[in-house]
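Colleague: Got a sequence here, can you model it:
(one chain, ligands or ions: 2)
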Amino acid sequence: MNRSSHRLWVNASLFDGLNGAAEPMAVAVQAGRIAWLKTMSELSADDRSGFECIDVAGALMTPGLIDCHTHLVFGGNRAGEFEARLEGSSYEDIARAGGGIISTVCATRAATEDELFESARPRLQALMADGVTTVEIKSGYGLTLESELKMLRVARRLGRELPVRVVTTLLGAHALPPEYKDNADGYIDLVCNRMIPAAAEGLADAVDVFCENIAFSVAQCERVYAAARAHGLAIKGHTEQLSNLGGSAAAARAGALSVDHIEYLDEDGVKALAEAGTVATLLPGAFFILRETRVPPIELLRRYRVPMALATDANPGTSPIFSLKLMLNMACTLFRLTPIEALRGVTAHSARALGLQEEVGRIAPGLQADFCLWDTLNPAELAYSVGLPRLVQRIVAGECA
Ligand code: DI6
Ligand code: FE
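Modeller: Ligands and ions are numbered 1, 2, ... in the order given. Okay, here's the model as predicted:
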């Protein structure tokens with residue numbers, strides 16, 4: 001028996017991804033997966049035999065955090081746009097004038113694969129330093145077949161070279177590239193007929209769209225969803241961020257794992273999510289940076305029992321924020337989530353938003369042994385305080401990483 005792959009973590013204050021445990025717990029790990037859990041009062045000497053025992057002295061143990069919505073791979077930055085917005089331009093004005101997403105598209109197309117990798121690495125390391133063990137990374141700043149695939153290759157390489165699980169999403173339908181001005185349907189043809197089939201060859205796990213007046217219509221997004229499904233890819237949507245087009249309900253009807261942003265979602269939309277089992281992903285970083293005032297319909301999401309995930313939306317325009325822990329505080333402060341709802345949003349529910357609920361996001365037998373130890377006893381402190389508590393240890397597949 002390889003004893004080093006058999007580890008028993010004892011005296012943990014456990015938040016298992018859904019709830020906090022009433023008593024100190026022991027968590028057994030074998031071959032990178034969680035084998036069993038027991039309360040400390042149930043744990044016998046026999047249970048300990050064959051395990052390397054690690055006493056965490058009451059530290060809070062949570063699942064490794066999951067950032068289920070990021071745009072970490074991009075060229076350049078948008079500090080100039082940040083300054084322009086301080087002088088009164090709106091995000092939509094800048095987008096219509098060819099800035100915004102399109103300026104990042106130009107910088108991303110011009111960058112080599114190595115340059116994109118090197119600039120994305122510290123962003124990802126910042127998330128990891130905050131306890132992230134699984135991250136979703138979208139394309140969407142290339143908007144040509146080759147440059148979208150280039151972004152996805154960089155995202156896959158980040159997952160190979162750093163101790164973090166990376167899930168990739170093709171976001172070809174993020175913005176209309178200048179070459180297709182006045183021909184949005186022609187661009188959607190390219191996404192459906194070229195990008196999706198190529199990305200489905202192992203480069204992407206899912207397909208996303210931006211359904212909005214400044215991006216793509218519900219009908220165009222539905223075409224993308226149909227193509228994604230035909231190629232066996234999961235689907236997600238940026239929906240109801242700036243207006244209510246009904247994109248969330250359309251995504252739910254197509255079987256989306258999640259719809260993200262959803263500040264303008266109405267009750268019919270919430271019902272559609274509940275019926276389809278689609279996760280509602282909240283992105284308070286973009287809400288904060290854009291100084292939005294319309295809060296997502298949290299009370300309706302609670303009433304219809306729609307699981308709420310929480311993510312950084314880390315991107316150069318609307319959320320240049322590389323801290324998932326900060327999102328815990330923002331979700332409570334700006335959207336009035338409880339700390340436990342916010343924590344579920346970065347663990348069990350964000351796993352669901354990626355279709356990975358049988359792999360990660362909870363501390364339960366059979367799942368990957370991805371977890372974090374924190375310098376506190378109380379899960380609420382993770383949301384309450386910014387900058388503390390400290391991450392003491394980050395464990396991926398049973399190994400300190
Ligand atoms: N919504 C967002 O918040 C990001 N993309 C999207 O569709 C913003 C992307 C950017 O401004 O670069
Ligand atoms: Fe986004």
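Colleague: what about the closest residue to ligand 1 within the chain, how many neighbours?
Modeller: Nearest residue of the chain to ligand 1, counting by C-beta to the nearest ligand atom: G317, 2.3 Å away. The way it works is simple: take the backbone N, C-alpha and C, and place the C-beta from them, glycine included. Per other C-beta atoms under 10 Å, the neighbour tally for G317 reads 25.
Colleague: For it, which non-adjacent residue is spatially closest?
Modeller: R78 (5.2 Å; C-beta to C-beta, 6 or more residues apart in numbering).
Colleague: do the same with R303
Modeller: V270 (7.9 Å).
Colleague: can you map out the helices along the stretch 201-350 of the chain?
Modeller: 218-230, 247-253, 267-276, 284-289, 298-303, 324-335, 339-345, 348-353 (DSSP state H, counting those that start in this stretch).
Colleague: Now do the same contact list for the residue nearest to G317.
Modeller: G100, S103, T104, P316, G317, P320 (C-beta atoms under 8 Å, 6 or more residues apart in numbering).
Colleague: contacting residues for the spatially most central residue of the chain?
Modeller: When C-alpha atoms, centre = their mean is applied to the chain, the residue found nearest the centroid is C68 (1.3 Å). Residues near C68 by C-beta under 8 Å, 6+ apart: T134, E136, V167, S258, T281, A309, A311, S350, A351, A353, L354.
Colleague: where's the fifth one relative to T70, distance?
Modeller: This means T281. 11 Å (C-beta to C-beta, to the nearest Å).
Colleague: now do the second one
Modeller: Relative to T70, E136 is positioned 6 Å away (criterion: C-beta to C-beta).
Colleague: Find the residues that touch each one of the two.
Modeller: If you check E136 and T70 against C-beta under 8 Å, 6+ apart, the residues they both contact are A311.
Colleague: Counting neighbours, go ahead and name the busier of T281 and T70.
Modeller: T281 (30 against 27).
Colleague: With pLDDT and distance to P178 added, can I get the contacts of R78 in CSV?
Modeller: Conversion of these to CSV gives the following (pLDDT from 0 to 100; distance: C-beta to C-beta, whole Å):
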residue, pLDDT, distance to P178
G100, 90, 13
S103, 93, 11
T104, 97, 13
P316, 97, 18
G317, 95, 17
P320, 98, 24
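Colleague: of those, buried ones?
Modeller: For these, a burial check counting by 16 or more other C-beta atoms under 10 Å picks out G100, S103, T104, P316, G317, P320.
Colleague: quick one: contacts for the first one?
Modeller: Shown here is G100, whose contacts under the criterion C-beta under 8 Å, 6+ apart are R78, E81, Y91, I94, A175, G317.
Colleague: Fine, thanks again, bye for now.
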